[in-house]
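*Asks:* Here is my input; please provide its structure:
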Amino acid sequence: MSRLAKACLAYALCVNAGLTLTAWAAQARSGDAAGGPAAAAVTAHRVAAKRAAGSRWRTAYDFLCLGANRTPHPDETPLEPRKLFDNLAILGDRSTAIYALQTSAGVLLIDSGPAAKLHTQTLPSLRKLRIDPAAVKYIVITHGHGDHFGGSSYFQEHYGTRIVATSEDWGLMEHPPADMPRELTVWAPKRDLVVHDGDVIKLGDTTVETFAIPGHTAGALGLLFVVRDGGKNFMSGLFGGLIIADAVTPTEQLHRYVQSIAHFAAIAKRERVEVELENHIMFDNTYGKLQALSMPGPAAANPFVVGTAGYQDFLKVLSECAQAALAAR
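*Replies:* Below you'll find the predicted structure:
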């Protein structure tokens, strides 16, 4: 297990306030023990989250609302790189995923993984997918933590790959805060393309829309793009700044996170997003969907296609769990 992954999850979940995981979990459930209106509000938000979760998103509910399976020791078992759709492949590990979007003019990567895994995991995985690293024309950084942008400098320096991030997270990559673990403050790529809410990246026959979702970081990005499965097209959504340490996150930041979910949910509803993708995949059953995709027998519906209502339910779980955390305060 890499020091980077341990540092990233620990920083995201509890290091800021020096909390142990036991203390964090106790705070995350504090609304249950408290009395009065706060406890009632916490319960109401959790009930709403659990209802939206159903069986499909139960792992997300347990993780985000109850703090289940949150640990600074993520499962870093490498994923077998594989196609999810005709034009989209996944690589990385069972904690942090990278997506390769293939277009008529080259490849767009969503995140680049940590620098420490570039030569041992990322590049070999691309080659297993028969993707020449030189074909990577863009890397979109979902947020400015080293486990998401660490490998991007290599592509920029060796292949002239364009690196895309928000202005806020370019600043985070270039000037990380003093309390960020050293493992996350890896060498940043040279500042390149800056995107804003509602911008479009076009590569060949493919467009990726970027949306500002501040909360996890000040410049986190949500992405929308079309994936193809046989003769069908589906709109996919990736909320790229998801895990919030609700017990230690400043209240204003947690409010922004809830607002960001609402913003992205409205866009996803308008654009009829029905494919759910994430960069941290330990809680949205990505691995189970990968197993289902690999099952032998007649072709079935792609498990990553969750439907428009299913995708809205996923975002509602995120929102209601965050609102429960706010109510507990």
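
*Asks:* Leaving out chain neighbours, which residue sits closest to residue 224?
*Replies:* For residue 224, ignoring the flanking residues on the chain, the nearest one in space by C-beta to C-beta, 6 or more residues apart in numbering is residue 209 at 4.4 Å. All C-beta spots, glycine's among them, are computed from the backbone N, C-alpha and C.

*Asks:* any idea how far that neighbour is from residue 223?
*Replies:* With distances defined as C-beta to C-beta, to the nearest Å, the gap from residue 209 to residue 223 amounts to 7 Å.

*Asks:* Tell me which of the two has more neighbours.
*Replies:* The residue with the greater number of neighbours, taking residue 209 and residue 223 and applying other C-beta atoms under 10 Å, is residue 223; the counts read 24 against 19.

*Asks:* Surely the more buried one is in a strand?
*Replies:* Yes. Assessed with DSSP: H, G, I helix; E, B strand; the rest coil, residue 223 lies in a strand.

*Asks:* so it touches residue 212, yeah?
*Replies:* No. In this structure, residue 223 is not within contact of residue 212 by C-beta atoms under 8 Å, at 11.3 Å.

*Asks:* what's the first-to-last distance across stretch 128-147?
*Replies:* Start-to-end span of stretch 128-147 (C-alpha to C-alpha, to the nearest Å) is 21 Å.

*Asks:* Actually, stretch 171-188.
*Replies:* The first and last residues of stretch 171-188 sit 10 Å apart, counting by C-alpha to C-alpha.

*Asks:* just how off-centre is it within its chain?
*Replies:* Using C-alpha atoms, centre = their mean, to the nearest Å, the distance from the centre of stretch 171-188 to the centre of the chain it belongs to is 19 Å.

*Asks:* Show me what the spatially closest residue to residue 198 that is not a sequence neighbour bridges to in the sheet.
*Replies:* The spatial neighbour of residue 198 that comes closest, neighbours along the chain excluded (C-beta to C-beta, 6+ apart), is residue 211 at 6.7 Å. Taking DSSP bridges, one finds residue 222 as the beta-bridge partners of residue 211.

*Asks:* Determine the number of other residues adjacent to residue 211.
*Replies:* 22.

*Asks:* Show the model's pLDDT score for it.
*Replies:* The predicted local distance difference test score for residue 211 is 98.

*Asks:* so where do the strands sit in the stretch 51-200 of the chain?
*Replies:* Applying DSSP state E, counting those that start in this stretch to the stretch 51-200 of the chain gives strands spanning 82-85, 88-92, 97-103, 106-110, 136-140, 162-165, 193-194, 199-203.

*Asks:* dump the residue contacts of the nearest residue to residue 195 once chain neighbours are set aside.
*Replies:* Closest residue to residue 195 apart from its sequence neighbours, by C-beta to C-beta, 6+ apart: residue 210 at 4.5 Å. By C-beta atoms under 8 Å, 6 or more residues apart in numbering, residue 210 lies in contact with 140, 164, 166, 195-201, 221-223.

*Asks:* now do 7 Å
*Replies:* Contact analysis of residue 210 by C-beta atoms under 7 Å, 6 or more residues apart in numbering lists 195, 199, 201, 221, 223.

*Asks:* ok, the fourth one - contacts?
*Replies:* By C-beta under 7 Å, 6+ apart, residue 221 lies in contact with 140, 142-143, 166, 210-213, 240.

*Asks:* again, but for the first one
*Replies:* The contact partners of residue 195, taken as C-beta under 7 Å, 6+ apart, are 164, 166, 210.

*Asks:* cool, the third one as well?
*Replies:* By C-beta under 7 Å, 6+ apart, the residues touching residue 201 are 138, 140, 164, 207-208, 210.

*Asks:* For it, name its beta-bridge partners.
*Replies:* Counting by DSSP bridges, residue 201 forms beta bridges with residue 208.

*Asks:* how close does it get to residue 194?
*Replies:* The spacing between residue 201 and residue 194, counted by C-beta to C-beta, is 12 Å.

*Asks:* same deal with the fourth one?
*Replies:* Per C-beta to C-beta, residue 221 is found 11 Å from residue 194.

*Asks:* Find residues that contact each of these two.
*Replies:* Contact criterion C-beta under 7 Å, 6+ apart; residues bridging residue 221 and residue 194 by contacting each: residue 166.

*Asks:* Now do the buried residues in stretch 250-265.
*Replies:* 254, 256-258, 260-261, 263-265 (16 or more other C-beta atoms under 10 Å).

*Asks:* Pick out whichever of these sits closest to residue 128.
*Replies:* Of all the buried residues of stretch 250-265, residue 128 sits closest to residue 264, with 31.9 Å by C-beta to C-beta.

*Asks:* which stretches of this protein have low pLDDT?
*Replies:* By pLDDT under 70, the weakly predicted segments of the chain are 1-35, 71-73, 181-185, 245-247, 296-300.

*Asks:* follow-up on the earlier one: could I get the strands of the stretch 51-200 of the chain as TSV with distance to residue 151?
*Replies:* What follows is those, written out as TSV (distance: least, C-beta to C-beta, whole Å):
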stretch	distance to residue 151
strand 82-85	19
strand 88-92	11
strand 97-103	8
strand 106-110	9
strand 136-140	8
strand 162-165	11
strand 193-194	17
strand 199-203	19
